[in-house]
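Chemist: sequence below, structure please.
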Amino acid sequence: MLRRIIAYIKKCHEYLSAIHREDGLSMPFLWLDSIWAFFVYGCTIRHYRYGHFYRLRHYERKKVFTTRKFFIFIAATNSKSSVPMLEDKEKFNAYFKQFVHRKWMDSNSMTLDGFIKLWKECDRLIVKPLAGTEGNGIFIIDCNQLSDLNLQSQFEELKDQNVIIEEVVKQHPDMCFNSKAVNTIRAMSLMDKNTGEVTVLKTVIRVGAANAIVDNFHQGGCVYDVDLKTGRICSNGISTNGEAKIFHPGTDICMLGYQIPNWDKLINGCVQAHKLLPECRYIAWDIAITENDIELIEGNHNGDYDMFEFVGKGLWWPILKKYI
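Modeler: Just a heads-up that it's a prediction; the model follows:
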């Protein structure tokens with residue numbers, strides 16, 4: 001416990017020092033204000049840093065969707081009994097099978113023959129912890145470089161892990177952005193408790209950077225706001241270093257105004273998929289864009305609240321609390 005406290009204090013110092021260098025605010029002020037922000041508004045240090053909470057006045061801070069308000073919102077909208085359907089990747093793929101077209105199997109039930117068949121049918125496989133988050137513990141298997149002699153040992157290695165093995169989605173060419181990752185749309189949908197109507201409230205695109213095999217914000221990717229009506233990127237991007245980006249890092253691609261393919265299919269797919277699980281009124285979907293369709297990658301019952309506040313339009317709390 002003491003180690004965790006010390007680690008958190010060190011992280012606070014690191015984040016506040018970064019703000020001090022960038023904005024010139026004094027360290028004593030930042031320490032006092034960040035502590036005040038936590039106890040009064042429920043704002044964590046990560047949100048204080050990347051959400052630029054220190055720049056907001058009191059009337060704005062009251063409208064911010066902070067960590068504390070996020071927990072209140074999730075508790076009010078989502079049934080605990082339905083959470084495993086989203087957290088467990090095996091259950092998710094099976095339940096939403098009409099939106100999951102890739103081949104897959106889980107390590108607990110797979111056989112050697114089944115693994116060999118999957119290896120023969122796919123160019124690349126992605127291995128994910130069944131209950132993983134933020135892109136941790138994920139790795140790629142290149143089937144073209146896996147020989148017959150290594151199949152047995154690879155199978156035995158995976159069999160001892162609690163993972164899901166999936167065919168790597170072949171994304172639309174316009175979604176590549178010169179990275180190794182399958183770049184996904186994070187779409188936040190909410191169901192009205194009285195009418196059952198599903199509304200997609202916000203969409204962002206997560207784009208991998210450098211050699212990362214995942215597009216997660218927490219793994220160095222960039223996030224850009226996407227206009228709900230048109231499917232065009234409508235904001236600068238942000239990354240974990242807080243920098244605003246118009247051109248995606250390592251490329252000459254101007255992201256502002258970029259058109260996401262198959263946008264109508266994505267919005268409609270979110271609505272139809274959400275209706276299959278009405279017990280979770282709020283779901284944050286991760287969706288890949290394929291050549292002619294969309295592919296559900298996963299759904300999150302507690303998808304990052306920072307995607308609401310950090311990227312594009314903020315001050316979401318007055319809107320979201322109406323749904324509680």
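
Chemist: from now on I want contacts and neighbour counts done on CA atoms only, so please keep to that.
Modeler: Noted.

Chemist: where exactly do the helices run in the chain?
Modeler: 2-23, 27-36, 45-50, 58-61, 67-77, 84-87, 89-95, 112-121, 148-159, 263-274, 306-309, 317-320 (DSSP state H).

Chemist: possible to save these as TSV with mean neighbour count?
Modeler: Formatted as TSV, those follow (neighbours: other C-alpha atoms under 10 Å):
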stretch	mean neighbour count
helix 2-23	14
helix 27-36	15
helix 45-50	21
helix 58-61	12
helix 67-77	17
helix 84-87	20
helix 89-95	18
helix 112-121	14
helix 148-159	13
helix 263-274	18
helix 306-309	21
helix 317-320	14
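
Chemist: quick one, which of those helices is nearest to V200?
Modeler: Nearest to V200, of all these, is helix 263-274, at 7.1 Å by C-alpha to C-alpha.

Chemist: domain ranges for this structure?
Modeler: 2-62, 77-98+171-323, 103-167 (automatic domain parsing).

Chemist: between those domains, which gets the lowest average pLDDT?
Modeler: Lowest mean pLDDT of these: domain 103-167, a mean of 82.

Chemist: and that one, end to end?
Modeler: 5 Å (C-alpha to C-alpha, to the nearest Å).

Chemist: look through this protein and tell me its longest strand.
Modeler: When the chain is parsed with DSSP state E, its longest strand is strand 198-207.

Chemist: give me the angle between that strand and helix 263-274.
Modeler: 120 degrees (axes from the mean of the first three to the mean of the last three C-alpha atoms, to 10 degrees).

Chemist: what are the ranges of the strands in the stretch 201-324 of the chain?
Modeler: 222-226, 282-289, 294-300 (DSSP state E, counting those that start in this stretch).

Chemist: need the residues that contact the last one.
Modeler: Residues from elsewhere that reach strand 294-300 (C-alpha atoms under 8 Å, 6 or more residues apart in numbering): 86-87, 89, 92-93, 99-101, 169, 262, 265-266, 269, 283-289.

Chemist: how does it look with 7 Å?
Modeler: 86-87, 92, 99-101, 265-266, 283-289 (C-alpha atoms under 7 Å, 6 or more residues apart in numbering).

Chemist: and for the second one?
Modeler: Residues outside strand 282-289 that contact it (C-alpha under 7 Å, 6+ apart): 77-78, 171-172, 182-191, 294-301, 303.

Chemist: as CSV, the domains of the chain with distance to K69 would be great.
Modeler: Compiled in CSV, these are given as follows (distance: least, C-alpha to C-alpha, whole Å):
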stretch, distance to K69
domain 2-62, 7
domain 77-98+171-323, 8
domain 103-167, 21
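
Chemist: mind checking the end-to-end distance for stretch 36-50?
Modeler: Stretch 36-50 has its terminal residues 17 Å apart, counting by C-alpha to C-alpha.

Chemist: how far away is the closest residue to F308 other than its chain neighbours from Y41?
Modeler: Distance criterion C-alpha to C-alpha, 6 or more residues apart in numbering; nearest residue to F308, sequence neighbours excluded, is G314 at 6.4 Å. Computed as C-alpha to C-alpha, the G314 to Y41 distance reads 15 Å.

Chemist: which of the two has more neighbours?
Modeler: Taking other C-alpha atoms under 10 Å, G314 and Y41 do not tie; Y41 has more neighbours (19 against 16).
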